[in-house]
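In: Could you look at this predicted model? Sequence included:
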Amino acid sequence: METVYINQKNLRDWQERAIPTVMALGYFDGLHNGHRQVIKTAASIADKHGLPLAVMSFTPHPKTVVSNGKEQVQHLMPIDEKIEKLNMLGVDTFYLIKFDKQFAKLSPEEFVAQYLVDLKVVHAIAGFDFSYGFRGSGNLDRLKADSNGIINVTKVDKIEYRGEKISSTCIRKRILAGEFNELPQFLGHLYEMKCDLNGTVLKPHLHYAIPQQGSYEVGIKNGADELKCQLVVTKDGSLKPLHSLPIVKMKSPISIVWKKRMAINEKELITQANVY
């Protein structure tokens, strides 16, 4: 998979290099079950027409830019992990667009012309609530018209679990609250984050959502091995195993697989972790 970082300065160059593609559009944080349905739909259309499959996403999160940095979004996964998973899903080209104030001011017509039509997109696929252009004023119902009929459009219906829309927002809320029971139905798997082992503290890589203070049952993955562990998230967000890990056998990065929150003697466990 080719990853293409696009900004205002190099946009024209990539427009000139572009070839016809089928493109899935979205932020795709976490690549949850709803996102996978969008990409699966796009892959089916690309295969039918014998065209490459592309995905377009944006960085940083639009809310961060629109709020002038006042709203910082905690992510479900960093960009490097998103790239890795998109590659596993069979994506041919991943366009990562720099979302800045200049980009945010583009009208819906300007976005479609510059970032879709001029990048040779022939079919665009997105979730039912995808929006684009200044203040999100563009939507899938008008995208074909905004492209002057050049781009065909497929809208993927809302994906739900027990009547709740599957979204990065609802997944993030559950993670931050330490509620992991339903995550496989939303995310497609247990929540996992890559970390470095720094003495007795596990240091997560940047841009992961950290559960709230408390004690948790987790799995510590190092290569093919997984070690059951009790982990405490302290008040300052540090991650401390309740018992020492076999550091000699572990090489960074390792992964934490979050299983469930522990409620028994939680205050005692947190105190013990702060001492350890």
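Out: Here it is on my side, so go on.

In: where along the stretch 151-276 of the chain do the strands fall?
Out: 152-156, 160-161, 164-165, 192-198, 201-204, 214-222, 225-233, 239-241, 254-262 (DSSP state E, counting those that start in this stretch).

In: Run through the residues that contact G237.
Out: I210 (Cβ atoms under 8 Å, 6 or more residues apart in numbering). Any C-beta I mention is one placed from the backbone N, CA and C, and that applies to glycine too.

In: should've said V156
Out: Per Cβ under 8 Å, 6+ apart, neighbours of V156: G34, Q37, V38, T41, I125, A126, G127, F128.

In: Just want the most central residue of this structure.
Out: The chain has D29 as the residue nearest its centroid, 1.8 Å off, counting by Cα atoms, centre = their mean.

In: most neighbours, which of the contacts of V156?
Out: Of all the contacts of V156, I125 has the most neighbours under the rule other Cβ atoms under 10 Å, reaching 28 neighbours.

In: continuing past the helix or strand containing it, what's the next helix or strand?
Out: Using DSSP states H and E, the element containing I125 is strand 121-127. The helix or strand immediately downstream of strand 121-127 is strand 131-132, counting by DSSP H and E.

In: on that earlier part again, for the record, mean pLDDT for the strand holding I125?
Out: For strand 121-127, the mean pLDDT works out to 98.

In: Please apply the same query to stretch 225-238.
Out: 87.

In: Put the alpha carbons of it into PDB.
Out: What follows is the C-alpha trace of stretch 225-238 in PDB, where atoms were taken according to Å, rounded to 0.1, in the frame of the first residue of the first chain:
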ATOM      1  CA  ASP A 225       3.100 -14.500  24.000                       C
ATOM      2  CA  GLU A 226       0.400 -13.000  26.100                       C
ATOM      3  CA  LEU A 227       0.800 -12.600  29.900                       C
ATOM      4  CA  LYS A 228      -2.300 -12.100  32.100                       C
ATOM      5  CA  CYS A 229      -1.800  -9.100  34.300                       C
ATOM      6  CA  GLN A 230      -3.500  -6.700  36.700                       C
ATOM      7  CA  LEU A 231      -2.800  -3.100  35.700                       C
ATOM      8  CA  VAL A 232      -3.500   0.100  37.500                       C
ATOM      9  CA  VAL A 233      -4.100   3.500  35.800                       C
ATOM     10  CA  THR A 234      -3.000   6.100  38.300                       C
ATOM     11  CA  LYS A 235      -4.400   9.600  38.800                       C
ATOM     12  CA  ASP A 236      -1.800  11.100  36.400                       C
ATOM     13  CA  GLY A 237      -2.600   8.500  33.700                       C
ATOM     14  CA  SER A 238       0.500   6.300  34.300                       C
END
